[in-house]
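**Student:** A structural model of the following input is requested.
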Amino acid sequence: MKYLYLIIFLLAYNWLQAQSCDYINERYGVRSVKKIFVGTEPDFQNKPDSLFLDIYYPVGVTEAKRPLVMWVFGGGFITGKREDFAAICEGCAKRGFVAATIDYRIGFNGTSILPYDSAEVIRAGFRGSQDAKCALRYLKSRHLEDSIDLDRVWVGGASAGSIVALATAFYDKDSEKPTQAGAISPANGNVRGDLGSIEGSRFINGYDTKVQGVFNIFGAVLDLSIIDNKDQIAVFSYHQTEDPVVPCGHRKAYWAYPVVTDYYPYANGTCEIEPRLTQLGLPAGLHKAWIYPGNQHAVHNEAEVINFLLTNADPVLCGTVGVRDIQNNELNSALIRPNPATGSEIVVDGVESGAIFHITGLNGQLFVEGSMPLNGRLDISALENGMYFITLQHGANSKTLKFVKAAF
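**Tutor:** Residues are numbered from 1 along each chain as shown. The predicted structure follows:
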């Protein structure tokens, strides 16, 4: 009988733990430790640049180990400071995170307003990701002191900071290093030597830079191929459709500004990253993008965006959605034909009748929903030409696919 009581106690304890797992609502006090020195690195002019970080802790948390989120500021790689994320770090700590905001090297060769060439921007971003990886290893090395759960480490940022955060998460082999980060021709008489490994040179201390997830606020990647099917990393994003600085799709940065854009590289924003994650079969619960119809390099409402990101991350942080959901997913074989669709219907193969489906646009607007018919044929005659997502749900399994409706 005592074993029965023990089992009941453990089940009740686990149930109570699940109920108390909440990283959405602000429930705690906050304390912070600021200006922690993490090292010195040469900047774009080969001058020493001292780097610091600030850490914010929740006060009153009963968890033995807490998730860590490391935020990276934006500013086009020429401006910005770690204090720009102080309020967001404080808000995250109130929700139960250990939150950090970091320095990274900024600046590039060029005039007062323009980089020397697009390679300078790429090199600036690479230096940023090296510094972020070093900071992440440093924070992980403090996990006992700071009660950090090494299985629940996230990175996030906005604009250039999100570009750095995405690179920090997805650069996992030196073959992914941009060629521009190697030794190249001088700029304005300044030598541009090899910038070194993707991991940087500091805090090679036995800790890795793997993360559970990324908060991407109008960021981008240079090359979508760095996101592959081995990268089972949650990604929750926000981007405006016509962002004129960091493109939502595949465009040059600053595409809306003639002359300026000539000095910047092509980038792949959230409107490219989200379909890439879908194509790779990442479970729907591990990625979601709020593609907002607008033309600002900004968030339309900061509180709403942060709430969107944390609400979607909460099940991942609490263990109710995870990478294990990929295995034995009966919807893994689902596919759409024809794709692109030029007629009035599509056929969804590999899905049992009765499965629930939702068809949404890039901005999340719902167009069609219902139960999958026996023949898998869906009427799309009411849809305008464009890109759509179809999310399939059958029992505990889900999958999101992309399709395009095109003219004849």
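**Student:** low-scoring pLDDT stretches of the stretch 301-408 of the chain, where are they?
**Tutor:** For the stretch 301-408 of the chain, applying pLDDT under 70 flags the ranges 320-330, 362-364, 396, 408.
**Student:** What ranges does it have for its strands?
**Tutor:** Here the stretch 301-408 of the chain has its strands, by DSSP state E, counting those that start in this stretch, at 335-337, 345-349, 356-361, 366-371, 377-379, 386-394, 397-405.
**Student:** I'd like the next helix or strand past whichever strand or helix holds Val30.
**Tutor:** With secondary structure defined by DSSP states H and E, Val30 is part of strand 29-42. Remark: after strand 29-42, the chain's next helix or strand is strand 48-59, criterion DSSP H and E.
**Student:** that older thread, which one, of the strands of the stretch 301-408 of the chain, ends up nearest to Tyr28?
**Tutor:** Evaluated with Cβ to Cβ, the strands of the stretch 301-408 of the chain place strand 397-405 nearest to Tyr28, the distance being 32.2 Å. All C-beta spots, glycine's among them, are computed from the backbone N, C-alpha and C.
**Student:** Report all helices and strands that that closest one contacts.
**Tutor:** Contact here means 3 or more Cβ pairs under 8 Å, 6 or more residues apart in numbering; DSSP states H and E; on that basis strand 397-405 packs against helix 270-279, strand 335-337, strand 386-394.
**Student:** Buried deepest among the ones you listed, which one?
**Tutor:** helix 270-279 (a mean of 22; mean count of other Cβ atoms under 10 Å).
**Student:** Rounded mean pLDDT for that helix, please.
**Tutor:** Average pLDDT, helix 270-279: 96.
**Student:** what's in contact with that helix?
**Tutor:** With contact meaning Cβ atoms under 8 Å, 6 or more residues apart in numbering, helix 270-279 is reached by 166, 216, 218-221, 224, 227, 235, 237-239, 241, 247-250, 268, 286-289, 291, 362, 387, 389, 400-402.
**Student:** which among those residues end up buried?
**Tutor:** With neighbours counted using 16 or more other Cβ atoms under 10 Å, the contacts of helix 270-279 contain these buried positions: 166, 216, 218-221, 224, 227, 235, 237-239, 241, 247-249, 268, 286-289, 291, 362, 389, 400-402.
**Student:** Okay, and which of these map to strands?
**Tutor:** Taking DSSP state E, the ones among the buried ones among the contacts of helix 270-279 that sit in strands are 216, 220-221, 235, 237-239, 268, 287-289, 291, 389, 400-402.
**Student:** which of the residues you listed lies closest to Asp22?
**Tutor:** Closest to Asp22, out of all of those and judged by Cβ to Cβ, is Lys288, at 18.8 Å.
**Student:** so what's the closest one up against?
**Tutor:** Applying Cβ under 8 Å, 6+ apart, the residues contacting Lys288 are 236-237, 274, 312.
**Student:** Find the pair from those residues with maximum spatial separation.
**Tutor:** Greatest spatial distance among the contacts of Lys288 (Cβ to Cβ): Glu274 and Asn312, at 12.4 Å.
**Student:** What strands line up against the strand holding Val30, and which way round?
**Tutor:** According to DSSP bridges, strand 29-42 forms sheet pairs with strand 48-59 (antiparallel).
**Student:** got the angle for the next helix or strand after the strand it pairs with vs strand 48-59?
**Tutor:** With elements assigned by DSSP H and E, the helix or strand that comes after strand 48-59 is strand 66-72. Inter-element angle recorded for strand 66-72 and strand 48-59: 140 degrees (by axes from the mean of the first three to the mean of the last three Cα atoms, to 10 degrees).
**Student:** Packing partners of strand 66-72?
**Tutor:** Taking 3+ Cβ pairs under 8 Å, 6+ apart as contact, the helices and strands that strand 66-72 lies on are helix 86-94, strand 98-102, helix 118-141, strand 148-158, helix 160-170.
**Student:** Compute the inter-axis angle for it and helix 118-141.
**Tutor:** Orientation check (the same axes, to 10 degrees): strand 66-72 against helix 118-141 gives 160 degrees.
**Student:** Break this structure down into its domains, please.
**Tutor:** 17-324, 335-405 (automatic domain parsing).
**Student:** Surely Ser141 and Phe203 touch.
**Tutor:** Yes - judged on Cβ atoms under 8 Å, Ser141 makes contact with Phe203 at a distance of 6.7 Å.
**Student:** So for the two, which residue has more residues nearby?
**Tutor:** Phe203 (20 against 15; other Cβ atoms under 10 Å).
**Student:** Okay, now the unreliable bits of this structure?
**Tutor:** Segments of the chain classed as low confidence (criterion: pLDDT under 70) are 1-20, 112, 320-330, 362-364, 396, 408.
**Student:** try 80
**Tutor:** Across the chain, the ranges flagged by pLDDT under 80 are 1-20, 112-113, 320-333, 362-365, 394-400, 407-408.
**Student:** Could you look up the SS state of the residue nearest in space to the middle of it?
**Tutor:** Central residue of the chain (Cα atoms, centre = their mean): Val214, 3.1 Å from the mean position. In three-state terms, and counting by DSSP: H, G, I helix; E, B strand; the rest coil, Val214 is strand.
**Student:** how far away is it from Arg377?
**Tutor:** Separation of Val214 from Arg377 (Cβ to Cβ, to the nearest Å): 37 Å.
**Student:** in the strand holding Val30, what's buried?
**Tutor:** Judged by neighbour count using 16+ other Cβ under 10 Å, the buried positions of strand 29-42 are 30, 36, 38-39, 41.
**Student:** of the residues you listed, closest to Glu369?
**Tutor:** Looking across the buried residues of strand 29-42 and measuring by Cβ to Cβ, the closest to Glu369 is Val30, at 41.3 Å.
**Student:** That closest one contacts Ile55, doesn't it?
**Tutor:** No - using Cβ under 8 Å, Val30 is not in contact with Ile55, being 10.8 Å away.
**Student:** how far does stretch 74-81 sit from the chain's center?
**Tutor:** 19 Å (Cα atoms, centre = their mean, to the nearest Å).
**Student:** send the alpha carbons of it over as CSV?
**Tutor:** Listed in CSV are the C-alpha atoms of stretch 74-81, where the atom choice follows Å, rounded to 0.1, in the frame of the first residue of the first chain:
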residue,chain,number,x,y,z
GLY,A,74,20.1,45.7,-32.8
GLY,A,75,21.4,48.8,-34.5
GLY,A,76,22.6,47.9,-38.0
PHE,A,77,26.0,46.7,-36.6
ILE,A,78,27.0,50.3,-36.1
THR,A,79,25.1,51.5,-33.1
GLY,A,80,23.1,50.1,-30.1
LYS,A,81,24.0,48.9,-26.6
